[in-house]
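1. Pasting the sequence and the predicted coordinates here, then a few questions.
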Protein chains: 2
Amino acid sequence: MRDVAIIGAGMTDFGKFLDRSMKDIAGEAVKGALDSAGVDKSKLEAAVVGNATAGLITGQEMIRGQVVLREMGIGGIPIINTENACASSSTAFHVAWMYVASGMYDVALAVGMEKLYHEDKRRSFQAIGAAVDVEWVQGMQAAARQAKENGDRGDNPAPEEGAGEKRSMFMDFYAAFARQHMQKYGTTKEQYARVAVKNHFHGSLNPHAQYREVYSLEDVLTSPPVAEPLTRLMCSPIGDGAAAVVLCTADKAKQFTSKPVYVRASVLGSGSDRGPGDPDITTRVARKAYEMAGVGPEDLNVLEVHDASAPAELVLYEELGLCAPGEGGKLIDSKATYFDGPKPVNTSGGLISKGHPIGATGVAQIYEIWTQLRGEAGDRQVRNPKVGLTENGGGMVKGEAAALSVHIFSV
Amino acid sequence: MRDVAIIGAGMTDFGKFLDRSMKDIAGEAVKGALDSAGVDKSKLEAAVVGNATAGLITGQEMIRGQVVLREMGIGGIPIINTENACASSSTAFHVAWMYVASGMYDVALAVGMEKLYHEDKRRSFQAIGAAVDVEWVQGMQAAARQAKENGDRGDNPAPEEGAGEKRSMFMDFYAAFARQHMQKYGTTKEQYARVAVKNHFHGSLNPHAQYREVYSLEDVLTSPPVAEPLTRLMCSPIGDGAAAVVLCTADKAKQFTSKPVYVRASVLGSGSDRGPGDPDITTRVARKAYEMAGVGPEDLNVLEVHDASAPAELVLYEELGLCAPGEGGKLIDSKATYFDGPKPVNTSGGLISKGHPIGATGVAQIYEIWTQLRGEAGDRQVRNPKVGLTENGGGMVKGEAAALSVHIFSV
C-alpha cells in the first residue's frame, strides 16, 4: 500500500446553527480544506462523506454527500456516503485513505458533517437513539413493561422509555461504565470532573469550540446531574458542524504543501463477543494501529480521543496505553494530559467543549491533529509535536462500541 | 492493486416479507455466501454493508451492518455502512473490493439489504423520495404553490406534492426521459414494453424473483398506466431482500473454490455538470470500467443493468455501447438481449421482475453474474459466458444519477 498524506484541512465552528443548511456548513469546511491545500476542486478524484443523522433530522438520506458537493460544483467523481454513528466521518476518512493508499486515486476528499440541532430537540435525541440496535431497545422496553405488570423488580433495568426524548441514552451507558471503574479501581467523581475542567480549558483556547468558558472543579461537580456520576459539564453537547481534509499520495504531497501530515495508520474495528481475558475494542484496534505505524503510546505527542463523556477519556488513557489499567485517575490528577503536559489529550477541547456534531467529529479530530502537527494551534499549541493519534468510537451493540477507529499521524 | 475474486455468493428470494426482520433476511444471504465459499465467518477480515432506507422505514440508522452481523456472531472486524440510494450495495461491494485490492485484507464480505415494505405503503414511497435533493424538491413545490396562487401555469412542473406518498417520484423522471428518447429517435412504447416482456420472461425462470408471471406485449401495454409511456408492468416494484458475496485476493481464491469469478473492473461515479458534448454518466463510468478491465462491450456475454423502468434498460443498451445511440429499440426488437440471444441482459428478470429492494439490488446483480459465469443459472443459463457486467445507478441530483457503478467480471 502507498503512503498517504493530508495536504489540507478545514472546519467550521461547532455550535447551534438552526439558520444554516448542511450545504452551507459542509461547503465552508470543504472550501477551507481545498484552500489550505491550494488544490482546485477539479483535482479531486474521489470523495467520501460521513454523516449520521440527516435522514432522521431533515429527511435527507442516501445521497447526502452528492447533495452538498454538487452544490459547490463537485461532481463526476466517485462519492461514497459512510455511516458508523459517531465514527461516521473517521470511517469516511478511512475509505478516502484507502482510495489513495490502494493506488486507485491520487487525491481524495474526506468530509464529516452534521446538523443535529432541530427546533424540536426531541427529534435530535431520538435520532441519536438510532446508534444502537433499535429492535433490542424496543424488546428490552417491552420486557420491562411486562415485568412491571407482573410486579417484578428486575435487576437489569431497560433503557427508560421516552428517555431518548430528553437526553441521549448513551449517557446512561457511560454513567454505568463510569461507576464500574470507580468500584474496580477507586476512581473518583472528582477525577472525572478534572477531565472536564481540562477539556473546557482547552476549548476556551480553540476558536472553533462550541463552548469556550473556563470552569472550576466545583463548577463541574455542581452543574446539573445527568446520571450519577455524570454532570452536564462532563457530557458532550449536541451541535452542528462540519470538517474536511484533502488526502494525497505521499510522493506528491510536497507539490501542494511544505508541511504535509502523514497517515501512519488507519484501523477500523467493531465490537465483538469477548471471551474472558480478551481485550476491549479500543485496546484491540489501538494495538493494530501501533503495529501498523511502528510506534507505541510512548511516542505520541498529542491525542484527540472520543470523550463523549469525561469518564470515557479517563478510561481511554488506559485502553490506549498512556498509563496502566486503573491509573487513569492518577494521570489526570498529574495534569499530564494538559496541552503543555507530557501527554496532551483533547487539546481542541474534545467532544465535551469543542462540541460533538456526531458525523463531523471524526474528521474534526483529524483537523486538530493536523493543526497541532503543523504548529498552527495558537494558544493551545503543543510544543513541537511529531506524532499524533485520533480515536473515534460510534454506536453500541451488545455492550461494546459498534465501530471504533484509531488513526496515527506524523510529520 | 491486487487482483480480486468472488469466492461465494448468496441471496434471499425477493418479495414482500412483512414478518421477517432485516437480521433474518441479511443473515440468510450472508450464510448463503459463506456456505457457497466454504468459508467460516471467523475468516472474514472486513465487511461492508449497503442499505438505503432502514433509517426512514424502521428507525435503524447509523450501524445497520453491525446490528445484523453481530446477530450472527460476526464482529471485531471493520464494518462500514455505505449509502448511495439504489447503488448502496454496489458501493459496498466497491469498498470491499478496495479492502482486498489494496492489500489491506485478504477476505472481505459485501452485503446489500433492504426491507422496503411497511404496513403503511406511504412510508415506503416517502423513504424512496429521500434519494433526491430533499431541499430542492421542497423548494420546487413551494415555487409551484406560489405560481398557482399567482395564476401562472409554469412550464416546468414541480414534483407533484404528495406524489411520493402514492408512487416513487422517480417514475415521473423515467417517464420524461422515455418520452425524450421517443421524440429524438422514434423509439416506441411497444419497444419499451418488449423490454418488460423479456424481463418478466427471465424472471419466470428465476426462483429468487419477486414476480414470476409471463406477460404478453398486450398485457404490458394494457396494465395500469403510471406516467406516460410507463405502465405498471414496465416499472420495478418495491420489495424486501438481501444479497451477499465473499471477496478474496485472487491468488488465494482457488483455496476456496474451483470456480472463482474475477473482478476485472470496479468503477463508481457521480453526476456532474455536463457541458455540450460531454458524455452522460453511464457512458463515462462504463468507459473507465472497460479501460480498467481491458475489454469492450463486444466482449460481454451477460449483463445486469439498472432497469428501474423498462425504458431505462433500452437507453442503457446505447450508453453501455451494446448498440449505437438511438438503436436501443432495434436491439430489443431483434431479441438479442434474451438469455439465449447474442447479448443477454437482465437474465435474472432485472429490477422489473426479480424485484428492487433498493439497497440489495447492487449485490444481487453481482450474484446473478456470479451464477451465470459459473454455469449455475439453470433454465435461464446463458451459453458458456466468460465476461459479465453489472451497472447500478442510484439517486438523482440536478437531473443526473447521484451515484452509478459499473463492475466487470470474468471467469
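-> Great, that's in hand.
2. give me the number of residues near the closest residue in space to A:Gly15 that isn't next to it in sequence?
-> Using CB to CB, 6 or more residues apart in numbering or on different chains and skipping residues adjacent in sequence, the residue nearest A:Gly15 is A:Gln210, 4.9 Å away. All C-beta spots, glycine's among them, are computed from the backbone N, C-alpha and C. Close neighbours of A:Gln210, defined as other CB atoms under 10 Å in any protein chain shown, add up to 24.
3. Same question for A:Lys259.
-> 15.
4. same deal with A:Pro276?
-> 4.
5. quick one: least confident helix or strand in chain A?
-> Within chain A, no helix or strand scores below helix A:134-150, which has a mean of 80 by mean pLDDT, DSSP states H and E.
6. That one and chain B, any residue contact?
-> Yes: using CB under 8 Å from any CB of the partner chain, we find that helix A:134-150 touches chain B at A:134-135.
7. Okay, strands next: where are they in chain A?
-> Using DSSP state E, the strands of chain A run over A:4-11, A:46-50, A:79-83, A:107-115, A:225-227, A:230-231, A:240-249, A:261-269, A:302-304, A:387-397, A:400-410.
8. Take these and lay them out in a markdown table including mean pLDDT.
-> Converted to a markdown table, the strands of chain A look like this (pLDDT from 0 to 100):
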| stretch | mean pLDDT |
| --- | --- |
| strand A:4-11 | 98 |
| strand A:46-50 | 98 |
| strand A:79-83 | 98 |
| strand A:107-115 | 98 |
| strand A:225-227 | 94 |
| strand A:230-231 | 96 |
| strand A:240-249 | 98 |
| strand A:261-269 | 98 |
| strand A:302-304 | 98 |
| strand A:387-397 | 96 |
| strand A:400-410 | 97 |
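9. out of those, nearest to A:Val95?
-> Among the strands of chain A, the nearest to A:Val95 by CB to CB is strand A:46-50 (4.5 Å).
10. Paired strands for that closest one, with orientation please.
-> strand A:79-83 (parallel), strand A:107-115 (parallel) (DSSP bridges).
11. got CSV for the ones you listed, with mean neighbour count and distance to A:Glu400 too?
-> CSV is the format used below for the strands paired with strand A:46-50 (neighbours: other CB atoms under 10 Å in any protein chain shown; distance: least, CB to CB, whole Å):
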stretch, mean neighbour count, distance to A:Glu400
strand A:79-83, 33, 18
strand A:107-115, 30, 23
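12. looking at those, which is closest to B:Ala29?
-> strand A:79-83 (19.7 Å).
13. So what touches the closest one?
-> A:46-52, A:62-66, A:69, A:88-89, A:91-92, A:95, A:359, B:61-64, B:80-84, B:91, B:94-95, B:268, B:270, B:402-403 (CB atoms under 8 Å, 6 or more residues apart in numbering or on different chains).
14. Run through the residues that contact the closest residue to A:Gln66 other than its chain neighbours.
-> Residue nearest to A:Gln66 in three dimensions, not counting chain neighbours: B:Ala402, with 4.1 Å by CB to CB, 6+ apart. Applying CB under 8 Å, 6+ apart, we find B:Ala402 in contact with A:62-63, A:66-67, A:79, B:84-85, B:131-132, B:270-271, B:394-396.
15. now with 10 Å?
-> A:62-67, A:69-70, A:75, A:79, A:81, B:84-87, B:131-133, B:270-271, B:281, B:393-396 (CB atoms under 10 Å, 6 or more residues apart in numbering or on different chains).
16. so of these, which ones are in helices?
-> A:64-67, A:69-70, B:281 (DSSP state H).
17. Could you point out which of those residues is nearest to A:Arg287?
-> A:Gly65 (31.8 Å).
18. That closest one contacts A:Met72, correct?
-> No: if you go by CB atoms under 10 Å, A:Gly65 and A:Met72 don't touch, sitting 11.6 Å apart.
19. Pull up the residues of the stretch 101-250 of chain A that are close to chain B.
-> A:101-104, A:126-138 (CB under 10 Å from any CB of the partner chain).
20. count of neighbours near the closest residue to A:Gly388 other than its chain neighbours?
-> Of all residues not flanking A:Gly388 in the chain, A:Ile369 sits nearest, at 3.9 Å (CB to CB, 6+ apart). A:Ile369 has 28 neighbours, counted by other CB under 10 Å.
21. got any ranges where chain A has weak pLDDT?
-> Across chain A, residues meeting the criterion (pLDDT under 70) sit at A:152-168.
22. on that earlier part again, can you tell me which of the strands of chain A is most buried?
-> strand A:79-83 (a mean of 33; mean count of other CB atoms under 10 Å in any protein chain shown).
23. That strand to strand A:400-410, inter-axis angle?
-> 130 degrees (axes from the mean of the first three to the mean of the last three CA atoms, to 10 degrees).
24. could I get the strands paired with strand A:46-50 as a markdown table with distance to A:Ala33?
-> Below are the strands paired with strand A:46-50 laid out as a markdown table (distance: least, CB to CB, whole Å):
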| stretch | distance to A:Ala33 |
| --- | --- |
| strand A:79-83 | 15 |
| strand A:107-115 | 7 |
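25. Out of these, which is closest to B:Gln255?
-> strand A:79-83 (30.1 Å).
26. Extract the C-alpha trace of the closest one and format it as PDB.
-> What follows is strand A:79-83, C-alpha atoms only, in PDB (Å, rounded to 0.1, in the frame of the first residue of the first chain):
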ATOM      1  CA  ILE A  79     -18.800   9.900  -4.000                       C
ATOM      2  CA  ILE A  80     -19.400   7.400  -1.100                       C
ATOM      3  CA  ASN A  81     -21.600   8.100   1.900                       C
ATOM      4  CA  THR A  82     -20.500   6.300   5.000                       C
ATOM      5  CA  GLU A  83     -22.300   5.800   8.300                       C
END
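27. Name whatever forms a beta bridge with the closest residue to A:Asp299 other than its chain neighbours.
-> Leaving aside its sequence neighbours, A:Asp299 sits nearest to A:Val387 (CB to CB, 6+ apart; 5.1 Å). Beta bridges link A:Val387 to A:Ser410, judged by DSSP bridges.
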